[in-house]
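Colleague: A predicted structure for the sequence below; I have some questions about it.
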Amino acid sequence: MIYYDYQKIEKKWQKHWLDLKLFKTKTDRFHPKYYVLDMFPYPSASGLHVGHIEGYTATDIVSRFKRMQGYNVLHPMGWDAFGLPSEQYALATGKDPKSFTYQNISNFKRQIIEMGKGVDWDKELATTDPEYYRYTQWIFKRLYEKGLAVLKDVEVNWCEGLGTVLANDEIEIVNGQMVSERGHYPVIKKPMRQWVLRITEYADRLLDDLKLVDWPENLKEMQRNWIGKSSGAIIDFKIAGSDDSVSVFTTRPDTIYGVTYVVLSPEHPLVLSITSDDELETVKKYIDQTKMKSDLDRIADKTKTGVFTGAFARHPLTNQLIPIWIADYCLMNYGTGAVMAVPAHDERDYEFAIKFGLEVIEVIKGQGDSPFTGDGIHHHSGIIDGLYNDEAIEKMITHLEARKIGKRHDTYKLRDWVFSRQRYWGEPFPVLYDTNGNISLVPDDELPLELPYLEFIKPSGTGESPLANALDWLYPEIDGKKYKRDTNTMPQLAGSSWYYIAYILKSNLGYLPLDSQEAKQVLDQFLPVDLYVGGTEHAVGHLLYARFWHKVFYDLGFVSSKEPFMKLVNQGMILGEDHSKMSKSKGNSVSPDDFILSHGADALRLFEMFMGPLESEKPWSNDGLEGAKRFLDRVWRMFDFEIKEDNVSELQTIYHQTIKKVTEDYEKLAFNTAISQMMIFVNEVYKVQSIGKHQVRGFLKLLNPIAPHMTEELNREILNHHEELIYSEWPIYDPAYLVQNEVELVVQVNGKLRARLQIKKDLPEADVKSLALNHENVLRHTEGFEIVKVIVIPNKIVNIVVKN
Ligand code: ANZ
């Protein structure tokens, strides 16, 4: 037989698929659709790594499998190409981000083609394509019109030394203070006018609709935590000697009789006006210190800090005077930015009260431990005395509402999405400001508003984005009126929030407008995504934002599904051979290019799918790759056996078992066990040294989604079959062959095991008795004895009772 020249074979089939566009999505509606989506990659300079191959192979298997089952499969690919890494690389090298981004894309595309992935390339897109971000800008306009995009003063991390705003991951904490990662310059928080998307309006729907999707429970839990809904009440505390009052948010209104002080966040708007003259200087100093601390540190710090304002509040139920403090453990952007402190029943308040000598009043009977934060019977608490927490909370809220002191309220940890970045490499905002600062939108037919080319993309030094340097672009004159554009750009997560929709709308003619009738039709045809595969790093950011936009599209009538991604699977990470995380700096990262050369794409795909369950972490192993290649060699050599016109009867059972197992396993994405079954099948063929034509072609179909090149080659060149496997029909098993027709029977003599018999199932009792009694070893143990009884339990046991 001819030699398995995988390099030649793989190139040949890849070219064939591309030339004939064999993975093109069909537009007809005769077949049910199946939409398989990969989390699209960020086209970095280092190219694909073996972790990408894992997820991309899994989705490719499913899409090939579904296609053979008769589905109209949509399996696209694109590039998440805006963003910070490119920007930083451009800054460091002085290169234009556009040119190297597109170079990286072409390298990624080459690698994806070389791994044999079946992609509809007519749908290829990059978020940086002006034709793509034209619609990202268009969507922004719809968000603005719906009141979901607003300008707000938001705290940013401002670095005077670098003259720029920094993202959280560009900051380090040194001695409790924020400094820039680059250059270690001090960083402070400062309010800046930013575009903000009001995702918080959708918090409840984002929470509730998680029940509609088939996602891993831990991922749903991460989203729930991120949204972080807390139920409780807002309660008003009057400030003594003033008309003002402070509202606090509490999840524990039942502890109200235990309040001994009130805490305001240092940024709270009332702080300076209520602070007494004596305390003013201390308070101001404390406010300045807070600016240098990140929220995370403020929450995590065990040693509590704070200062007294000199002001007092009136307890809303007892009318007693309670001191008002400011402390950085109270955050401005949570709840109301103010806390009623109950040291007897809250850890943070307790630490604070002990440190500053504030009163501790117990209102729930605990087990002696302080603070007691559990459930218990209330006392010293008026109308809720004798009640446990839940009942006490309910009753207290009703009581406060009746007396107009407070009201039921839910608070969310979820923040509105800060949508402005002071960066160059992103989508410009389609807005104009006139000389009075009034906003108007760039008309739809003038989109895209293209990002101007800039020779130097370094920050402007004024805190504005580098676009502040693009003077010609920045100050357009329209109908004789002067305008200014927005110097900010959108975040990387903008483009990735709708790309799964863009694929559906894209053809080689361009995009269908999102609000057109034609768009509605194809979106209804292909949405939601049936299977979405990617890493856990997108568990909250991307997946939450995309769900948010999808719900807005739903409200606008563009889509009919409430959720974008029905089933989601997180592939496990591929670790280095040393079981640590692969990284370039550690030198244990592996690029697929070398392995495709040395073993072939089919072997690489098979190996990565055989390493273990898709969702588990698995260490890379060069030996494992060898093993995968050996299996493919063995499949190749199987074609040296006689290929018979008729089915080989000895193989019928294992053949049908294999169809059943592989089909079910592909459905469950259990590729490793599907491969094991195919290995068992091949072993059986080697025992018999022959195989039927129909059986061998069926087997090629089963293996095709994993090893597409080799199986197509064998189908075409050895079986001389004219029909390619890609569009052939998935094999169906015949249940008749699955019935096990042999059973193992145990023979006991006076309760002792004496023989095991392999017999035909449901053999007549007389035959079973005769076989058992005549077994060599049974004879040895019954000779010279009287056989008293022979009991047959069908298909299981023969019990022989003897005596002498
Ligand atoms: C009184 C109280 C008594 C509280 C008690 C807790 C236990 P979660 O569950 O995370 O939502 N809080 C409210 N606003 C805050 C802010 N801006 N910064 C820091 N802490 C704040 O937490 C809600 C609780 O966190 C609230 O309930 C409040 O303290 C505090 F035995 O009020 B509690």
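Modeller: Perfect, thanks for sending it. Numbers count the residues shown, from 1 in each chain.

Colleague: For the stretch 1-150 of the chain, which segments are assigned as helices?
Modeller: Ranges of helices in the stretch 1-150 of the chain, per DSSP state H, counting those that start in this stretch, are 6-20, 50-68, 84-93, 97-114, 130-145.

Colleague: Which elements pack onto the shortest one?
Modeller: By that I understand helix 84-93. Helix 84-93 sits against helix 97-114, with contacts defined as 3 or more Cβ pairs under 8 Å, 6 or more residues apart in numbering; DSSP states H and E. Placement of C-beta: from N, CA and C, glycine included.

Colleague: Rounded mean pLDDT for the helix it packs on, please.
Modeller: Confidence for helix 97-114, expressed as mean pLDDT, is 96.

Colleague: do stretch 317-334 as well
Modeller: The pLDDT scores in stretch 317-334 average 96.

Colleague: Could I get the buried residue list for it?
Modeller: For stretch 317-334, the buried set under the neighbour-count rule, 16 or more other Cβ atoms under 10 Å, comprises Leu317, Ile322, Pro323, Ile324, Trp325, Ile326, Ala327, Asp328, Tyr329, Cys330, Met332, Tyr334.

Colleague: Any idea how far that stretch is from the middle of the chain?
Modeller: Mean C-alpha position of stretch 317-334 versus that of the full chain (Cα atoms, centre = their mean, to the nearest Å) differs by 39 Å.

Colleague: does the ligand sit close to that stretch?
Modeller: Yes - counting by Cβ under 6 Å from any ligand atom, the ligand has neighbours in stretch 317-334: Tyr329, Cys330, Leu331, Tyr334.

Colleague: can you give me the end-to-end distance of stretch 304-318?
Modeller: 28 Å (Cα to Cα, to the nearest Å).

Colleague: Show me what counts as buried in that stretch.
Modeller: 304-317.

Colleague: Return the member of the residues you listed nearest to Asn107.
Modeller: Comparing the buried residues of stretch 304-318 against Asn107 with Cβ to Cβ places Thr305 closest, at 51.6 Å.

Colleague: Wait, that closest one touches Asp328, no?
Modeller: Yes - counting by Cβ atoms under 8 Å, Asp328 is a contact partner of Thr305 at 6.2 Å.

Colleague: For this protein, which residues are neighbours of the ligand?
Modeller: Residues of the chain lying close to the ligand by Cβ under 6 Å from any ligand atom are 230, 249-252, 255, 265, 329-331, 334-335, 337, 339-340, 342, 345-346, 411.

Colleague: Sort out which of these are buried, if you could.
Modeller: Burial by neighbour count, 16+ other Cβ under 10 Å: within the residues of the chain next to the ligand this picks out 249-252, 255, 265, 329-330, 334-335, 337, 339-340, 342, 345-346, 411.

Colleague: Okay, domains of this structure per the record?
Modeller: Following the assignment in automatic domain parsing, the chain carries domains at 149-197, 229-412, 592-737, 740-803.

Colleague: how about those in CSV, adding distance to Trp425?
Modeller: Output for these, formatted as CSV (distance: least, Cβ to Cβ, whole Å):
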stretch, distance to Trp425
domain 149-197, 13
domain 229-412, 25
domain 592-737, 27
domain 740-803, 63
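
Colleague: Quick check: which ranges of the protein have low pLDDT?
Modeller: 459-463, 584-585 (pLDDT under 70).

Colleague: Output the residue of the stretch 401-550 of the chain whose distance to the ligand is smallest.
Modeller: Sorted by distance to the ligand under Cβ to the nearest ligand atom, the residues of the stretch 401-550 of the chain start with Thr411, at 5.8 Å.

Colleague: For that residue, give me the backbone phi and psi.
Modeller: Backbone geometry at Thr411, expressed as degrees, to the nearest 10, gives phi -120, psi 150.
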